[in-house]
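Peer 1: here is a sequence together with a model predicted from it:
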Amino acid sequence: MHAEVHVLTADEAAQVHERTLKVLSERGMRVDPDEGRRVLAAAGAQVDEATRIVRFPPALVEEAVHLAPRQFALGGRRDDFSFPLNAGRFTLLADGGATTVLDRKTGERRAPTREDWLEATRIIDHFDDVGLYWSLCEHPLADQGPQGLVAYMTDVFATFGKHVQESFGDPALAPWVLEVCDIVFGGREEVRRRHPLSFLITPTSPLIIEAGFTGTWLAMRGWDIPVAVMPMPLMGATAPGSRLGTLLAANCETIGTLCLVQAAAPGTPFIYAPVLATMDPRTGRYGAGAIEQGALSLAAIDMARFYGLPVEASGSSTDAFEPGAQAAYEKAALGLMVTLGWPDVLVGPGLLGGAIMLSLEQLVIDIEIFRRARQARSGVPVIAGLWLDDVLTRVGAGGSFIGEPSTRHNVRAGEWLLSDFGNRDSFEAWRAAGRPTVVDEARVQVEQILATHEPPGLDDGTARALKELERRAAES
């Protein structure tokens, strides 16, 4: 059977839900977008315009949960890419938003460039372990108004062929995003069918549905763009000072936003995606490497499964500022824990220092960590063809199984994780090779990928149409 970890029983998850209903109906959430309050009022919520507080009757919550689809697939530019959610599958989403880069040539921290962005995006496009895109580091054009947005989205779709998850905090940008999708994918109906883009809404903890990202998604209705809702409560700072209280806060913020999404566009594909983290009580800073984050992520997975919703979980963060022992033990512990909870999507690889610094070497190392965690989750399959009791009986006492056909077959069939990463040779061979470290090996692999991997690119007609759109955006 599979090795799986759960931290909530069904009864405990039901208790979280019941207390969520109580908080949402009695205390409510502050809903900043005007359109959001209008939509919720029409759906039966109690709205106080003076305070912008919205209270959600339990029946409204239950209806919203009922309306959210249980299964759907995320597509991309590659015709062969389709990732079904809530279907027992697992993929990675590289972490995002780094404001600095650890330069692999100098070892120094510096501001990111477009070339850094291109290299990072090409690497995650190369690895089929990574099915979803976030911008690993800041792109210099992404926040430069409509023209910059069109140029950025052109770069995204030219460099990454799988699913793109993005968010933009200015509703005025929504028409430009949709027009890019229209050009790249051949119209609204094709976007609705393939789901190549999902949108990230990040409620502000505690208990606020913010205006920017939420307003942008509201302006994109009609395209059936899946929504991932990702509040980021920090235990003891922007959430109560207990793991259970932090889970309750995150669930209220996620489910409250679900109510708005389903009231605004019933049946919208929805991904349960809260990031639950802890404050370091000694400094007040985000405790990126805290082991409690793994337990909180497992609890979030359990709540998503309680509701029957697809789940995007988070793991593999670290407080360390360079690849090394601290990054390894923090990322491995968190990554293994959360993988054993088996979310649909796991956010994790690539960043250091509480997700503020990009390291391409760390990205490669993290993918290896998740490959190992995924193999651990496979457990010990109890399948008729794997007993091999007939082989055991035939070989008998003192024999060897190295030459057995079943051994050769199962080596190829996944009973072993055959990693090419890290040292697998003798001490003498390792010393003769110059005592390479894992970071050295990761750096070599980064250079090999960048030298050989070709991103998907855009055909000439699409590229010309996007360039014309960029020109119009510059004149807007």
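Peer 2: It's in. Since the structure is predicted, the reported quantities are computational estimates derived from the model, not experimental observations. Numbering: from 1, shown residues only.
Peer 1: name the residues linked to the most centrally placed residue in the chain by a beta bridge.
Peer 2: Taking C-alpha atoms, centre = their mean, the centroid of the chain lies closest to Val347, which sits 3.4 Å from it. Beta-bridge partners of Val347, counted by DSSP bridges, are Leu93, Ser314.
Peer 1: is it true that it touches Leu93?
Peer 2: Yes. Taking C-beta atoms under 8 Å as the contact criterion, Val347 and Leu93 are neighbours in contact, 4.7 Å apart. For the C-beta atoms, the positions are set from N, CA and C on the backbone; glycine is no exception.
Peer 1: which neighbours do the two have in common?
Peer 2: By C-beta atoms under 8 Å, 6 or more residues apart in numbering, Val347 and Leu93 have these common neighbours: 134, 312.
Peer 1: now for the residue nearest to the centre of the chain: which residues touch it?
Peer 2: Taking C-beta under 8 Å, 6+ apart as the definition of contact, the neighbours of Val347 are 92-95, 134, 275, 312-316.
Peer 1: closest to Pro69 out of these?
Peer 2: Proximity of the contacts of Val347 to Pro69 was ranked by C-beta to C-beta; the top entry is Glu312 with 15.0 Å.
Peer 1: skipping adjacent residues, who's closest to that closest one in space?
Peer 2: If the residues on either side of it in the chain are set aside, Glu312 comes closest to Ala273, at 3.8 Å by C-beta to C-beta, 6 or more residues apart in numbering.
Peer 1: and what of Arg372?
Peer 2: Distances taken as C-beta to C-beta, 6+ apart put Leu417 closest to Arg372, at 6.5 Å, once the chain neighbours are dropped.
Peer 1: and the pLDDT for the residue lying farthest from the centre of the chain?
Peer 2: No residue in the chain sits farther from the centre than Ala397, which is 49.7 Å out by C-alpha atoms, centre = their mean. In the prediction, the pLDDT value recorded for Ala397 is 96.
Peer 1: tell me the SS of it?
Peer 2: Each residue gets one of three states, and Ala397 gets coil by DSSP: H, G, I helix; E, B strand; the rest coil.
Peer 1: tell me where the stretch 201-350 of the chain has helices.
Peer 2: Assigned helices in the stretch 201-350 of the chain, in chain order: 212-218, 243-264, 292-307, 325-341 (criterion: DSSP state H, counting those that start in this stretch).
Peer 1: quick one: contacts of the shortest one?
Peer 2: Outside of helix 212-218, the residues within contact range by C-beta under 8 Å, 6+ apart are 32-33, 35-36, 39, 167-171, 173-174, 199-203, 225, 227, 257, 260-261, 264.
Peer 1: one more time with 10 Å
Peer 2: Outside of helix 212-218, the residues that reach it under the criterion C-beta atoms under 10 Å, 6 or more residues apart in numbering are 31-36, 38-39, 166-174, 177, 199-204, 208-209, 211, 225, 227, 229-230, 257, 260-261, 264-265, 268.
Peer 1: give me the mean pLDDT for that helix.
Peer 2: In this model, helix 212-218 has a mean pLDDT of 97.
Peer 1: again, but for stretch 402-413
Peer 2: For stretch 402-413, mean pLDDT is 95.
Peer 1: contacts for it, please.
Peer 2: Counting contacts by C-beta under 10 Å, 6+ apart, the residues touching stretch 402-413 from outside are 385-386, 388, 390-391, 394-395, 400-401, 415-416, 418.
Peer 1: change it to 7 Å
Peer 2: Under the contact criterion C-beta atoms under 7 Å, 6 or more residues apart in numbering, stretch 402-413 has outside partners 388, 391, 401.
Peer 1: how about the last one, secondary structure?
Peer 2: It refers to Phe401. Of the three states, Phe401 takes coil under three-state DSSP.
Peer 1: how near is the spatially closest residue to it that is not a sequence neighbour to Val391?
Peer 2: Closest residue to Phe401 apart from its sequence neighbours, by C-beta to C-beta, 6+ apart: Thr407 at 5.3 Å. Distance, Thr407 to Val391, by C-beta to C-beta, to the nearest Å: 9 Å.
Peer 1: who touches both of the two?
Peer 2: Taking C-beta under 7 Å, 6+ apart as the contact definition, Thr407 and Val391 share the neighbouring residues Phe401.
Peer 1: buried set for stretch 2-22?
Peer 2: For stretch 2-22, a neighbour-count test (16 or more other C-beta atoms under 10 Å) marks 5-8, 12-13, 16-17, 19-21 as buried.
Peer 1: would you mind writing the CA trace of stretch 446-463 as CSV?
Peer 2: What follows is stretch 446-463 as a C-alpha-only set of coordinates in CSV (Å, rounded to 0.1, in the frame of the first residue of the first chain):
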residue,chain,number,x,y,z
VAL,A,446,22.0,23.6,-15.0
GLU,A,447,24.6,24.4,-17.7
GLN,A,448,23.8,21.2,-19.6
ILE,A,449,20.1,22.0,-19.6
LEU,A,450,20.6,25.6,-20.7
ALA,A,451,22.9,24.4,-23.5
THR,A,452,20.5,21.8,-24.9
HIS,A,453,16.9,22.5,-24.0
GLU,A,454,14.8,24.3,-26.5
PRO,A,455,11.7,26.0,-25.1
PRO,A,456,8.4,25.7,-27.1
GLY,A,457,8.6,29.1,-28.9
LEU,A,458,5.8,30.7,-30.8
ASP,A,459,4.9,30.4,-34.4
ASP,A,460,5.5,33.4,-36.6
GLY,A,461,1.8,34.3,-36.9
THR,A,462,1.3,34.2,-33.1
ALA,A,463,4.5,36.2,-32.5
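Peer 1: in it, what counts as buried?
Peer 2: For stretch 446-463, by 16+ other C-beta under 10 Å, it's 446, 449, 455, 458, 462.
Peer 1: let me see the residues that make contact with that stretch.
Peer 2: Here stretch 446-463 makes contact (C-beta under 7 Å, 6+ apart) with 77-78, 104, 119, 122-123, 125-126, 157-159, 161, 183-184, 360-361, 364.
Peer 1: stretch 233-243 now?
Peer 2: The set of residues external to stretch 233-243 that reach it, using C-beta under 7 Å, 6+ apart, is 205-206, 245-246, 249-250, 276-279, 281, 284, 286, 292, 295-296.
Peer 1: end to end, how far does it reach?
Peer 2: For stretch 233-243, the first and last residues are 11 Å from each other (C-alpha to C-alpha, to the nearest Å).
Peer 1: how is the protein partitioned into domains?
Peer 2: Taking automatic domain parsing as the domain assignment, the ranges for the chain are 65-377, 384-413.
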